[in-house]
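[1] fold the following, please.
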Amino acid sequence: MEYINLVNRIVEAEHTAKALVHEAEEKQARLQSDLEAEIAAMRAGYFARADRRLELVRQTEEEGAREEIQRLDEKLHAALDAVESAYAKNKDRWVDTLLAMIVGVQP
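    This is a model prediction of the structure:
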């Protein structure tokens, strides 16, 4: 009888070992799945933060470009005003000088 009890205990130990192995495999699969989900969440978070930062950089660059364009427009208008003012002040003299150069007469 002891022999049968010993065999039964060995069989029971084998079933227990198989159950533990199966449980460990399931736990490993769950951990792998959880890890993959966590990696995906982290990746999504990183991309979301990167997108926000890129948008902030884009907005900052656009604002800088608008300011630079405005500054250059103001400089252009100031230069055009200076040219028009010089023209208004000197047009008669310039016309006389050009006419004299064309005709070959000294003013």
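[2] from A44, how far out is A37?
    11 Å (CB to CB, to the nearest Å). Glycine gets a C-beta too; all of them are placed from N, C-alpha and C.
[3] now do I10
    Per CB to CB, I10 is found 51 Å from A44.
[4] mind listing the helices for this structure?
    With DSSP state H, the ranges of helices along the chain come out as 2-103.
[5] can you list the weak-confidence ranges in it?
    Scanning the chain with the threshold set as pLDDT under 70 gives 1, 106-107.
[6] what residue lies at the spatial centre of it?
    Central residue of the chain (CA atoms, centre = their mean): L54, 2.7 Å from the mean position.
[7] give me the neighbour count for F47.
    When neighbours are counted by other CB atoms under 10 Å, F47 registers 10.
[8] same thing with L99?
    By other CB under 10 Å, 11 other residues sit near L99.
[9] ditto for M42
    10.
[10] where's it relative to A88, distance?
    68 Å.
[11] K27 now?
    To A88, K27 is 90 Å away according to CB to CB.
[12] and what of E63?
    Distance of E63 to A88, computed by CB to CB: 37 Å.
[13] swap in L72?
    To A88, L72 is 24 Å away according to CB to CB.
[14] and what of I102?
    Per CB to CB, I102 is found 22 Å from A88.
[15] cool, and I69?
    Distance, I69 to A88, using CB to CB: 28 Å.
[16] now do R9
    Distance of R9 to A88, given as CB to CB: 116 Å.
[17] what of H22?
    In terms of CB to CB, H22 sits 98 Å off from A88.
[18] what is the burial count for T60?
    10.
[19] with the one 10 residues further on instead?
    Using other CB under 10 Å, Q70 has 10 other residues around it.
[20] OK, contacts around A40?
    By CB atoms under 8 Å, 6 or more residues apart in numbering, the contact list for A40 is empty.
[21] against S33, how distant is it?
    For A40, the distance to S33 equals 11 Å [CB to CB].
[22] over to R49?
    Distance, R49 to S33, using CB to CB: 25 Å.
[23] what's the answer for Y3, then?
    45 Å.
[24] neighbour count winner among these two?
    Applying other CB under 10 Å to Y3 and S33 shows that S33 carries more neighbours, namely 10 against 7.
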